[in-house]
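Asker: Fold the following for me, if possible:
(chains A and B)
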There are 2 protein chains.
Amino acid sequence: MSEQTSGAGETRFAQRLNTTQIEGGHVLTPKFDADGLIVCVVTDAWTGEVLMVAHMNAQALAKTIETAQAWYYSRSRQALWRKGEQSGHTQRVVEMRIDCDQDALWIRVEQLGPGACHTGHTSCFYRSVRLKEPAGPNTTLDFKEDPSFDPKAVYKK
Amino acid sequence: MSEQTSGAGETRFAQRLNTTQIEGGHVLTPKFDADGLIVCVVTDAWTGEVLMVAHMNAQALAKTIETAQAWYYSRSRQALWRKGEQSGHTQRVVEMRIDCDQDALWIRVEQLGPGACHTGHTSCFYRSVRLKEPAGPNTTLDFKEDPSFDPKAVYKK
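Answerer: Numbering: from 1, shown residues only, chains lettered A, B, ... in the order given. Below you'll find the predicted structure:
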């Protein structure tokens, strides 16, 4: 079978051939961007809430598939990263989905611990944007949830 | 108030100043990438299912905020795009959220019509990835839902 190599890791996934294969096939053929990354939406398997949006390189994707634990690639730290390795707030992957053109992942996770966000919130999406108002420098955010843990106690330097 | 201009549109959002403002503030300060885009997760407001992942430029974001109808920027067509303008499957935005570092959006929508995906499925994420198996060229996808409409009838050339 044809294979592709991502510059970001040793894992070789199947080569992308054509739309029929990519959109209608039974084989994973992920599309990594110019930086070797694919975006991943993370939802809480029980509440359905979007917890975070992260990125995976080929190695992180392979580790997540094989272990059913969430691994990501940190763009800021330029490093492979197992979610919760510092905070203990790991994510067990209940289900992984891929979209039609295979350039986006969705994982439904069991979030261990009080939350997923480094700010201390359960979800990174703790603010809503006011709609039906003029969009611009005064577009207002409303806080939708209080922090669920103290990030200073959890993320020790 | 300080403003930023995106190359992708005329809309000026507030300037990003520091982490305290970005993560803890009450003003929208979206981070657009080098192409002037921000990723947007779209979920069904009633079922919680992730329908699609799309991108917005500043203009699409402004139109979505002001109209509570989903507008995106198509990277392949390089054009502003109102979801459903061809298919009639528009999306009414019930809620918009922004994440901690304001580089990802989440909108909860009321999806009009039978589905969001150009393949005829309700959701673009109609296939799951088999977990706890070796990751590579044989990683297998399972179809989780049948198409809900005929895309050839809906997307006329």
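Asker: use CA for all of it now, contacts and neighbours both
Answerer: Fine.
Asker: now what about stretch A:135-151, what contacts it?
Answerer: A:114-115, A:118-122, A:126-130, A:133, B:1-3, B:11-15, B:25-29, B:62-63, B:65-66 (C-alpha atoms under 8 Å, 6 or more residues apart in numbering or on different chains).
Asker: Which positions within the strand or helix carrying A:Gln21 qualify as buried?
Answerer: Using DSSP states H and E, A:Gln21 maps to helix A:19-24. Residues A:Ile22, A:Glu23 are the ones in helix A:19-24 that count as buried (16 or more other C-alpha atoms under 10 Å in any protein chain shown).
Asker: How far away from the center of its chain is that helix?
Answerer: The chain centroid and the centroid of helix A:19-24 are separated by 23 Å under C-alpha atoms, centre = their mean, to the nearest Å.
Asker: before we move on, the earlier item: point out the ones among the contacts of stretch A:135-151 that are inside helices.
Answerer: Those of the contacts of stretch A:135-151 mapping onto helices are B:Ala62, B:Lys63, B:Ile65, B:Glu66, per DSSP state H.
Asker: Turn those into JSON lines, including neighbour count, distance to chain A and pLDDT.
Answerer: Listed next are the ones in helices among the contacts of stretch A:135-151 as JSON lines, based on neighbours: other C-alpha atoms under 10 Å in any protein chain shown; distance: C-alpha to the nearest C-alpha, whole Å; pLDDT from 0 to 100:
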{"residue": "B:Ala62", "neighbour count": "25", "distance to chain A": "5", "pLDDT": "98"}
{"residue": "B:Lys63", "neighbour count": "21", "distance to chain A": "8", "pLDDT": "97"}
{"residue": "B:Ile65", "neighbour count": "24", "distance to chain A": "5", "pLDDT": "98"}
{"residue": "B:Glu66", "neighbour count": "15", "distance to chain A": "4", "pLDDT": "97"}
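Asker: In stretch A:26-41, which residues are buried?
Answerer: Buried residues in stretch A:26-41 (16+ other C-alpha under 10 Å): A:26-32, A:36-41.
Asker: Can you get me the start-to-end distance on it?
Answerer: Stretch A:26-41 has an end-to-end distance of 21 Å (C-alpha to C-alpha, to the nearest Å).
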